[in-house]
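Student: Okay, predicted coordinates and the sequence, questions at the end:
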Amino acid sequence: MSVIVTWDNDERTTLRYDFSGSWQWDEFRAAFRQAQEMMEGVGHMVDVIADFETSGCVPTETLARLAYVAARRPTNLGNSVVVGTKVFETTTLRVFGIFYGEMARAVHYAHSLDRARALLARSGLHYPLSDQTKSA
């Protein structure tokens, strides 16, 4: 499988997608469902790292697929960091930002996995969910 999702730390506050080689959207959808289940199992905000460093190009229909993710994002999703942004076209990300401003503002970009972790460490988003958020 070319899209793998794992916890990036023992505290389960950061989830990481590893995209490698030539991957397809059906592989991402399977990993996304797994990530949703993983995130539902914890009682706090979870940040996400999407590591494209060893990935080939992104399959077609990127905007439609990003809309799929935006419509199904877990309530405890914190910040997201995309690593290896060379796979994304700046124009695609700008258009995504226009339509999904709130979600797009929570996405950051880093040139390495270490830099992504450092960005998330500074964010301070790891706090318990309120009862209201749990019931949403």
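Tutor: Sure thing, it's come through.
Student: List the contacts of Arg72.
Tutor: Phe32, Gln36 (CB atoms under 8 Å, 6 or more residues apart in numbering). From N, CA and C alone the C-beta is placed, and that goes for glycine too.
Student: one more time with 6 Å, if that's ok
Tutor: By CB atoms under 6 Å, 6 or more residues apart in numbering, the contact list for Arg72 is empty.
Student: Kindly report the same for Val83.
Tutor: Listed by CB under 6 Å, 6+ apart, the contact set of Val83 reads Asp51, Glu53, Ala110, Leu113, Ala116.
Student: Leaving aside the residues adjacent along the chain, what's closest to the third one?
Tutor: In this structure, Ala110 finds its nearest non-sequential neighbour in Ala116, 4.1 Å apart by CB to CB, 6 or more residues apart in numbering.
Student: now the strands for this protein?
Tutor: All strands of the chain, identified by DSSP state E, fall at 3-7, 14-21, 46-55, 77-83, 107-110.
Student: Which pLDDT does the model give Ala110?
Tutor: Ala110 is assigned a pLDDT of 85 by the prediction.
Student: between the longest helix along the chain and strand 14-21, how many degrees?
Tutor: Looking across the chain with DSSP state H, the single longest helix is helix 25-40. Angle between the axes of helix 25-40 and strand 14-21 is 170 degrees (criterion: axes from the mean of the first three to the mean of the last three CA atoms, to 10 degrees).
Student: For this structure, name the helix or strand with the lowest mean pLDDT.
Tutor: helix 131-135 (a mean of 42; mean pLDDT, DSSP states H and E).
Student: follow-up on the earlier one: rank the strands of the chain by pLDDT, which is bottom?
Tutor: Going by mean pLDDT, the lowest-scoring of the strands of the chain is strand 107-110, which has a mean of 80.
Student: Run through the neighbouring helices and strands of that strand.
Tutor: The elements that strand 107-110 packs onto, with contact taken as 3 or more CB pairs under 6 Å, 6 or more residues apart in numbering; DSSP states H and E, are strand 77-83, helix 113-123.
Student: which residues does the residue nearest to the spatial centre of the chain bridge with?
Tutor: Residue closest to the average C-alpha location in the chain (CA atoms, centre = their mean): Val48, at 4.3 Å. Taking DSSP bridges, one obtains Leu15, Ser80 as the residues bridged to Val48.
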